[in-house]
Structures are given as C-alpha cells and as structure tokens.
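Participant: Quick one, what's the 3D model for this:
(2 chains)
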Amino acid sequence: MTTESNVAPETPLETTAVATAALSATRPLYWSVRRELWENRSIYIAPLAAAAVVLFGFTVHALVRASRTRTVRALDPAQQYAAIVMPYSMAATMIMVTALVVGAFYCVDALYSERRDRSILFWKSLPVSDLMAVLSKASIPLVVLPLIAFAASVATQLAMLVLPVRGVGTGMQWTAPPLLEMWFVMIYGLTVHALWHAPLYGWLLLVSAWARRTPLLWAVLPPVALGVVERIVFQTSHFASLMRYRVAGAMTEAFDLKPKGGAMIRLTQLDPLGFLTSPGLWVGLLFAAAFLAAAARLRRRGEPI
Amino acid sequence: MPCIEARGLRKVFGTTIALDGVDLRVEEGRILGLIGPNGAGKTTALNAILGLTTFQGELKVLGRDPWTERDQLMRDVCFIADVAVLPRWMRVSQALDYVAGVHPRFDRPKAEGFLAKTAIKCGSKVRELSKGMVTQLHLALVMAIDASLLVLDEPTLGLDILYRKQFYDSLLNDYFDRTRTIVVTTHQVEEIQHVLTDLMFIDRGRIVLECSMEEFESRYLEVMVHPEHVAAARALQPIHERQVFGRSILLFDQADRHQLTALGDVRTPSIADVFVAVMGNRVAEAAPGAAR
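Facilitator: Prediction:
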C-alpha cells in the first residue's frame, strides 16, 4: 500500500517528461516533412496523376472493347479470377511504380537544391539538426510516398468498382475482386520494397548532399562504370547482378512465387519469414544507415554552391 | 559570461589563411560591427561563431562550442546569413507555420505584428516579393525569435536606402533590449555608425582595430584645418589626410582635442574615414617604398 502511494505520484511526472522529450523531437520532424510536401508537390501530384491516367485508360478500354471481353466466359475459373483481378492489380502497380520513380528523383535533388538555391542557410538558422533534416527527407520515399501510393491505389480501385471498368464485360456474372486481400498484399509489398530499397534512397541522398553539380549523373554513372570495368577486366558481372538484386530482389525474397507466370499475388504467396531472414535485407539496411549518417555529416559542412 | 569568446581562432582553406589567430570577446548586450574589406575573413569568423564551419583554436558562444554543440546552440542563436536565402517557393504563411513549428522560442503574433506594418501579404510566395520585402519578411521572422545572439551578415546588401534605414530602425526600436547581443557585418558603414556600441576592423584574417564606440569617439578626431595651419597640423602626425573642396581634412588618432581646436573645425570622423585611413596605412606598411 505504502509502496504504491510512493510510486504513484512519480509515474505521471516521468511520463510527462518522456512525452515532452518525444514531443520536442517529433514536432520539428513533423514540420520538416510538411515543408518537404510544400516544396515538392510532385510527391502527391504524381501518384494522383498516375491514378487519373489509369482510370481514364481503363474507362476507355472498357467502353471500346466491351464486346470482346465476353470471351472471358469461356475461360476456366483460375483464368477468370486472373482476368477479374488483373485491371485492379495493374492500376495499383502503375501507381506504386510512379511513386518509386518520384521517390528516386526526389532524393537526388533533396540535399542538392537547398545548397543551390542557398536556402540551406535559412534552414540551418533554425534549431533543426542536420540528422533531423536528412531523416525527414529520407522519410519521404520510405514512409510518405508508400502511404500516398496506397491511398491513391485504394481510391482508384474503389472508383473502378463504381465505373464500368471491370475488365470483364457485361453479360458475365459479376464477381467482386478480393479487394481486402489485395490491400493487405499491397501494404506488405510497399513495406518490403521500402525496406529493400532503403540503401538505394540512402545512396541518392548521399550523392545529393555531396555533388556540386549534376547529382543525377554522379548517382548513376559510378555504379555503371564499376559494372563496365568489372566486365572488361574480370569478364564477370557480379556487381551488375548485385545491382539487379538490389532493385528487383524484394520480389524474390519477400514473395513465394512458385507457380511461375501466375502474376496475381495472393496472401498465400507472401513470405515474410523468408524476407526477414534474408541477409540482403539487413546488409541493405546497414548500408542505408551508413549512407544517411554520411549524408547528415556532409550537410553539416554543406555550403551554398 | 561573455556572449562570444575566442582565443587564437584560426581557419585555413588550402593555402589561404582566412582567420589568423583572432582573439575576440563580445559581452552580452552589445551591438558589434565587424568591418573589413572583401575577403578579410568576416564571413569565415561569423560561420565559425554559428557552427557552420570547423575551426582551430578556442571559441565559445554562449558558453558552448559552436561546432560540437551546434544543435543546442541554435535555440539561442539566430542569423541572417545573406539576403535572399528564404526559399523562393515558400508562402509567407508557410514560413510562419514552419518557424512556429520548429522553433520553441518563436512568437508568431509578434511576427504577424511586424508583417502587418509592411505591404507583405500572407498568401504571397517569396518569389513574388521584392528584394526589400524578402528582407523585411526575414527580419520579421528573426525578430520574433527570443534569441540571445543575432548575427547579421550583410543583411542589407542590394537594398535601397529606405529599406536599409527601416531595417536598422526596427532592429533598434523593436528588437534590441540591451540583454541581446547583435553582431553585424556590412559595407554600408556610415548607416550603422549610430547603431553600434562596439566596432572591430578585420583585415587579412587579423583584427586591426577593436574598440567601443565611446572609445572611438574620444580616440579619433577629424579636423578641417584652416589653410594657414596646415603645416602645423601635419606636424602632429595625422594618420590620414584628404582634400575636400580645396581644404585639408586631417585625421588624428589619440590627439589632444584642445590643440586641434586651435587649428580648425574638430569633429568625430565617420567609421568609413577611419577605416580607409587604417586600411590604407596597412597597405602602405605591407608595401614599403610605395606612395602613401
């Protein structure tokens, strides 16, 4: 009883202290991320534009080709399922690929443009540390873009349900696509790809913090040159396959795509355990952390160019 | 505790010595003018104070090492590094939101009050504002931050005379309260003469003159000498002489005021004239045999 009464008054104090500390760290982070969205409106406009294009494309397709899709009826159940799901899956894929491209271009520019337009001197005059600035920029491709891509995909798929864009035309008994399952797979796919691609974004941010001009060339040419030199000197292509593995490896590491050719990914094809035990994931995350730390150090000394 | 204290501050870029053993002490509540020719090391010194660059030697700002403790220091230090560093894409309202979001000592109503006195609209983007208005905006943001040290590096470069005057007026009237410290560099020396409490000349990485404005006024005297007394005045070893409308104006360092009064009209020289004299003599010393 006495111990309880002794402990009780202390706990709220500690929690407030912890909460204040957490608040003082999250507040600058929150505003730093918001300011990235103000500056780079393509972060949300591009995925929304992709969604609009996809919707438009499928609407036109459905109107023009409505007669031909009747042949779907002749397909076996598995193929019917694929035909129903395909447009929804394709729409989501296009939006997510757009988000990937936007994320890469954003990273190349993020720490370069603030030096070029001299605004780095303004950002540095405020109590936001260089690490905080770099982390807020890294969170755009790692957190914000996946969330936006997910929201845009879900909205597009719901619109497709309402619009006559079912891929399979009238006449056939209408089957609802397994949207909940698709959304779950989408969340999983976005998460594993963000983690898998983290070192790539880290590299782009590092080059962006370092290059005095043309960061895009500095980001792309050295790895390409390394691959070419390896090919000429040793007649091998380990580096090239390493790069390919880093770009596309999440599909093989995080999904169990045994039935080849079956492009539709279902819940049963997810392989989270295989992903988490893949050394490629953890080595990649180590590289990502090193690249981001180096980018923060470079920004520390960064001057207008 | 002095606001800024440096001993043997040194900074070398390759073969160029930007700062060559600078000793510096700025007490709280002063307005220091750091004056020097281009490339003298002013900006390097300010960058070291602001933790924007590494340095050799000892430097403490508000009791902290600006390079290793920069993140904590920036809560108490504010700076305008140059005109036109506000991001051009930003809206005025976004600038207010952002600074309010990240700076615990930002007083938003105060900044809005400053802006209300200008022609700046909240919805405007920085790129739509004139250069003078961008400076006004930046000053409004900075003055609403309760900082102990404010550093201004060429804050009025490229502004017309009205904006420049207004800038220093609002700095003095609305911001400076004798507990804050301000360090300012500028080439428009004559405009800040009445603003400063302390003065420092820097040349080729070294401090060549350091004094308070009271000392400056008692130490330097300028005499417009009557033509018949020119020879006598020259015998008192002026540090500089120039001709204006056919009359000689001689500048004296630590001369007897009564003695000078007999020779002509005595007045306090402008910082610019003392600067020219001191720098001119340094050039002459550096190149012996050359004309004065």
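
Participant: Show me the residue of the stretch 101-250 of chain B that gets nearest to chain A, please.
Facilitator: Minimum separation of the stretch 101-250 of chain B from chain A (CB to the nearest CB) falls at residue B:101, amounting to 3.2 Å. C-beta: built from backbone N, CA, C; applies to glycine.

Participant: burial of the nearest residue to that residue once chain neighbours are set aside, as a residue count?
Facilitator: Distances taken as CB to CB, 6 or more residues apart in numbering or on different chains place residue A:31 nearest to residue B:101, at 3.2 Å, with adjacent residues excluded. For residue A:31, the count of nearby residues is 20 (other CB atoms under 10 Å in any protein chain shown).

Participant: And the helices in the stretch 101-250 of chain B?
Facilitator: B:108-116, B:131-143, B:161-170, B:189-192, B:213-219, B:230-234 (DSSP state H, counting those that start in this stretch).

Participant: ok, back up a step: looking at it, the residue of the stretch 101-250 of chain B closest to chain A is touching residue A:29, isn't it?
Facilitator: No. Taking contacts as CB atoms under 8 Å, residue B:101 lies outside contact range of residue A:29: 9.9 Å.

Participant: shared neighbours, those two?
Facilitator: Common contact partners of residue B:101 and residue A:29 (CB atoms under 8 Å, 6 or more residues apart in numbering or on different chains): none.

Participant: ok, now which ones touch the nearest residue to residue B:94 once chain neighbours are set aside?
Facilitator: Nearest in space to residue B:94, with sequence neighbours left out and distances taken as CB to CB, 6+ apart, is residue A:38 at 5.5 Å. Contact criterion CB under 8 Å, 6+ apart gives B:89-91, B:94 as the residues in contact with residue A:38.

Participant: Residue A:38 and residue A:135, how far apart?
Facilitator: Computed with CB to CB, to the nearest Å, the distance linking residue A:38 and residue A:135 is 18 Å.

Participant: ditto for residue A:103
Facilitator: On the measure of CB to CB, residue A:103 and residue A:135 end up 15 Å apart.

Participant: of the two, who's got more company?
Facilitator: Set side by side, residue A:103 and residue A:135 show more neighbours around residue A:103, with 24 against 17, by other CB under 10 Å.

Participant: my read: the more buried one touches residue A:200, true?
Facilitator: No. Taking contacts as CB under 8 Å, residue A:103 lies outside contact range of residue A:200: 9.2 Å.

Participant: tell me the phi and psi of the closest residue to chain B within the stretch 1-150 of chain A?
Facilitator: Going by CB to the nearest CB, chain B is nearest to residue A:31 of the stretch 1-150 of chain A, at 3.2 Å. Here the main-chain torsion angles of residue A:31 (degrees, to the nearest 10) amount to phi -70, psi -30.

Participant: pLDDT wise, what is it at?
Facilitator: Looking at residue A:31, its pLDDT stands at 95.

Participant: wait, doesn't it sit right on residue B:103?
Facilitator: No. Counting by CB under 8 Å, residue A:31 does not reach residue B:103; the two are 9.6 Å apart.

Participant: wait, does stretch B:182-200 contact chain A?
Facilitator: No. Among the residues of stretch B:182-200, none lie within reach of chain A under CB under 8 Å from any CB of the partner chain; the closest is 13.8 Å away.
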